[in-house]
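Asks: The amino acid sequence is not available; the structure is as follows:
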């Protein structure tokens, strides 16, 4: 075990967590332009998506103006967006057009080593192919992308897309190491969330390598989604906080949806706390193990063993580490399972 991992493993395994409840943006008035932090912009984006269903074409947070920018294709929708306090932006492609291209990609380009997500800034779907996509598979991908015109752009990545699981420390099973995401309760009983590919690999978890069991996987989904619910079987503490790997923790008071442009942090047992930006939403990733939909795409780095760890913005839980490419030395890209989806799937909430 490396010195970095050994120093953080015991402290990090169980302090990485938060009992959560999904905030309902639609239940509250839309935030005003003068008060839009990235978190409030995310709530506003969800509120607009619900209220103007199908009429907008994505949104992103402009940190310079501190406003949510919402893509629209007609003046009437632009007027409706303006009334919420967000900034409307006329674009070429509607959400219906982008979703049509997404469906074609799913049918014709679900190739291991590829991903795609909607980039609201360019008003396109960004398709990425890792270094394993070559030969006939690359030719097929190029053909599909060309057929979709300017609704799609293709980029190559030098790394390899993979779930970030490993053997070692943090939360241990007999065959794998992952990171604890967020502590939750279900029916008053204590549980935690982690990645589904971790839950698939491990049934009994310990907080130290070779230690006694502290929790048992109760439910796990992967591929399709990437979340798992694990029930505590011991009386160990399960605080509503995330380990910052510097001797301090970040309290977590709720969960919400991420916003493109939002600055975020990730906590994991291999690389500690790393930061970056949300670059895309509703991402589809085709790992060699299967395809996962609805992920958050980010510029945050991660490495094997960080799987399941917490993505957060201040006191708000956003995601569970799924997989990605690259590393924290040369840089990388990481995808996250949105926490609100996991909470909804398992009926989990703040305890």
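Replies: Sure thing, it's come through. These numbers were taken from a predicted model, which means no experiment stands behind them.

Asks: Looks to me like residue 294 is in a strand.
Replies: Yes. Residue state for residue 294 (DSSP: H, G, I helix; E, B strand; the rest coil) corresponds to a strand.

Asks: what's the burial count for it?
Replies: Residue 294 has 16 neighbours, counted by other Cβ atoms under 10 Å. Where you see a C-beta, it was placed from the backbone N, CA and C, and this is true even at glycine.

Asks: how close does it sit to residue 133?
Replies: Separation of residue 294 from residue 133 (Cβ to Cβ, to the nearest Å) stands at 22 Å.

Asks: what distance separates the start and the end of stretch 245-254?
Replies: 21 Å (Cα to Cα, to the nearest Å).

Asks: I meant stretch 306-318, not that one.
Replies: 15 Å.

Asks: And it, what's buried?
Replies: Going by neighbour count (16 or more other Cβ atoms under 10 Å), the buried part of stretch 306-318 is 306, 307, 308, 309, 310, 311, 312, 313, 316, 317, 318.

Asks: pLDDT of that stretch, averaged?
Replies: Mean pLDDT, computed over stretch 306-318, is 94.

Asks: Over to stretch 138-150?
Replies: The pLDDT scores in stretch 138-150 average 98.

Asks: in it, what counts as buried?
Replies: Residues 138, 141, 144, 145, 148 are the ones in stretch 138-150 that count as buried (16+ other Cβ under 10 Å).

Asks: just for the stretch 201-350 of the chain, where's the confidence low?
Replies: Low-confidence segments of the stretch 201-350 of the chain, defined by pLDDT under 70, span residues 350.

Asks: Next one: residue 94 from residue 73, what distance?
Replies: The spacing between residue 94 and residue 73, counted by Cβ to Cβ, is 5 Å.

Asks: Mind jotting down where the helices sit in the stretch 251-351 of the chain?
Replies: Ranges of helices in the stretch 251-351 of the chain, per DSSP state H, counting those that start in this stretch, are 339-346.

Asks: show me where it has strands.
Replies: Shown for the stretch 251-351 of the chain, the strands assigned by DSSP state E, counting those that start in this stretch span residues 254-255, 263-268, 272-287, 290-298, 310-313, 316-327, 331-338.

Asks: Run through the neighbouring helices and strands of the longest one.
Replies: In this case it means strand 272-287. The contact analysis (3 or more Cβ pairs under 8 Å, 6 or more residues apart in numbering; DSSP states H and E) places strand 272-287 against helix 3-15, helix 95-108, strand 114-119, strand 263-268, strand 290-298, strand 316-327, strand 331-338.

Asks: thinking again about what came up before, dump the strands of the stretch 251-351 of the chain to JSON lines, plus distance to residue 88.
Replies: Supplementary listing: the strands of the stretch 251-351 of the chain in JSON lines, determined by distance: least, Cβ to Cβ, whole Å:
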{"stretch": "strand 254-255", "distance to residue 88": "28"}
{"stretch": "strand 263-268", "distance to residue 88": "23"}
{"stretch": "strand 272-287", "distance to residue 88": "19"}
{"stretch": "strand 290-298", "distance to residue 88": "24"}
{"stretch": "strand 310-313", "distance to residue 88": "24"}
{"stretch": "strand 316-327", "distance to residue 88": "25"}
{"stretch": "strand 331-338", "distance to residue 88": "25"}
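
Asks: May I see the domains of this structure written out as residue ranges?
Replies: As assigned by automatic domain parsing, the chain contains the domains 3-21+161-346, 26-90.

Asks: Please compute how far the last one lies from its chain's middle.
Replies: The one in question is domain 26-90. Domain 26-90 has its C-alpha centroid displaced from the chain centroid by 21 Å (Cα atoms, centre = their mean, to the nearest Å).

Asks: what does stretch 130-149 give?
Replies: That offset, for stretch 130-149, works out to 25 Å (Cα atoms, centre = their mean).

Asks: can you list contacts of that stretch?
Replies: For stretch 130-149, the external contacting residues (Cβ atoms under 8 Å, 6 or more residues apart in numbering) are 101, 104-105, 108-109, 111-114, 125, 127, 129, 152-154, 156-161, 325.

Asks: Right, I'll leave it there.
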